[in-house]
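Q: predicted coordinates and the sequence they were generated for:
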Amino acid sequence: MIAVQFLELFCSVSMQAMLVVSIAYWLGRFIEDDKIRCHLWTVCFVTLLLSVLTAAILPHRRFYFPGEQLAHPIKVEMISLQLQFGRMLFWVWLAGCLVSLGLFIRRSIQAEAFLRECRFVDPDVVSLKRLIGSEQHSGVDRKEVCLVSTADIVSPFCWQFHKPYIVIPESLLLYDENELKFILKHELAHLQTGHPLQVFLQRIVEIIFWFHPMVWWASRSSALAREFMCDDQAVESKSDIVCYLKALLRIA
C-alpha cells in the first residue's frame, strides 16, 4: 500500500467511523431497554472493525485523481505532497497504535498480577451461592466465578480473561448481606452478559482509532449503557432499589 492509498483509506475509514457512531447514538435514543442498547454498541464496535478490515483488503473507489486539465509540473507536485503527507500520517498513526497497544498489554498484565495478590473470600463469610443461589441466572456459572477481596480498591469490579473474577474491597465484607447481594448481582450481570468481551472489542477499536474523538465518545456511552443495564438486572422491586442505593452511597 503506497502513501497516497493509505491517506485515502485513512480519510474514508475515519468518515465511516463518524457515520457508524452517529447512527448508533441516534438509534440508541429510541431504545429504552438498556440491554438492547448495550448490544447496539457491540454491533457498532464490530462494524468499525469490519470497516477497517474491508477497507484494507477489498478494492475501493479513489477519492482523487489528478485532473487531465492540470499541467504536468503541477500534477507531479500535487502527487508529491500527497505522498509526503500520507507517509507522515502513516507513521504517526502507527506510533499511536503501538503506544495504545503497549498500554493495553501493560494494564492487562498488571490486572493479572493484581488478581494473584487478592485473597479468596471465605465461602463461610460471603458466598455467591448463599446470597443469590435462589435467583435464576444464565451465562456464567456462579461455581466458576472466583470471589476475591483486597484492601487496595474502594469499588468492586469484575474481570474475565481465562477465568471470571469478582473483586470486592475488604470493607464490603462488613456490609449487611442484603446490601452486598445487590452489588454482587451487578458484577455478576457484567460477566453473564458478556461485557468483558465487549470491553475487549472496545479496546481494540480504541487502539486502531486512537485519534478519533467520536470513537472515544462511543466508548464512554457504551460504558454507561453497561452500568445502567447491570443496575437494572441487580434490582427487581422498589425495596430492592432503596437497599441498592444505600449500598452505593456507602461505597461513595
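A: Nice, thanks for sending it over.

Q: every contact and neighbour count from this point should use C-alpha atoms.
A: Will do.

Q: doesn't Cys38 lie inside a helix?
A: Yes. Under DSSP: H, G, I helix; E, B strand; the rest coil, Cys38 falls within a helix.

Q: and it, how many neighbours does it have?
A: Applying other Cα atoms under 10 Å, we find 24 residues neighbouring Cys38.

Q: my guess is it contacts Arg226. True?
A: Yes. Counting by Cα atoms under 8 Å, Cys38 does reach Arg226; the two are 6.0 Å apart.

Q: can you tell me the SS state at Leu123?
A: Careful, residue 123 is Pro; it's not Leu. The local conformation at Pro123, judged by three-state DSSP, is coil.

Q: state the pLDDT value of it.
A: We have a pLDDT of 78 for Pro123.

Q: tell me which residues of stretch 230-238 are tucked away?
A: Neighbour-count burial for stretch 230-238 flags Cys230, Asp231, Gln233, Ala234, Val235 (criterion: 16 or more other Cα atoms under 10 Å).

Q: what's the answer for stretch 15-35, then?
A: Within stretch 15-35, judged by 16+ other Cα under 10 Å, the buried ones are Gln16, Ala17, Met18, Val20, Val21, Ser22, Ala24, Tyr25, Gly28, Asp34, Lys35.

Q: how about JSON lines for those residues, with secondary structure added?
A: Listed next are the buried residues of stretch 15-35 as JSON lines, based on three-state DSSP:
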{"residue": "Gln16", "secondary structure": "helix"}
{"residue": "Ala17", "secondary structure": "helix"}
{"residue": "Met18", "secondary structure": "helix"}
{"residue": "Val20", "secondary structure": "helix"}
{"residue": "Val21", "secondary structure": "helix"}
{"residue": "Ser22", "secondary structure": "helix"}
{"residue": "Ala24", "secondary structure": "helix"}
{"residue": "Tyr25", "secondary structure": "helix"}
{"residue": "Gly28", "secondary structure": "helix"}
{"residue": "Asp34", "secondary structure": "helix"}
{"residue": "Lys35", "secondary structure": "helix"}
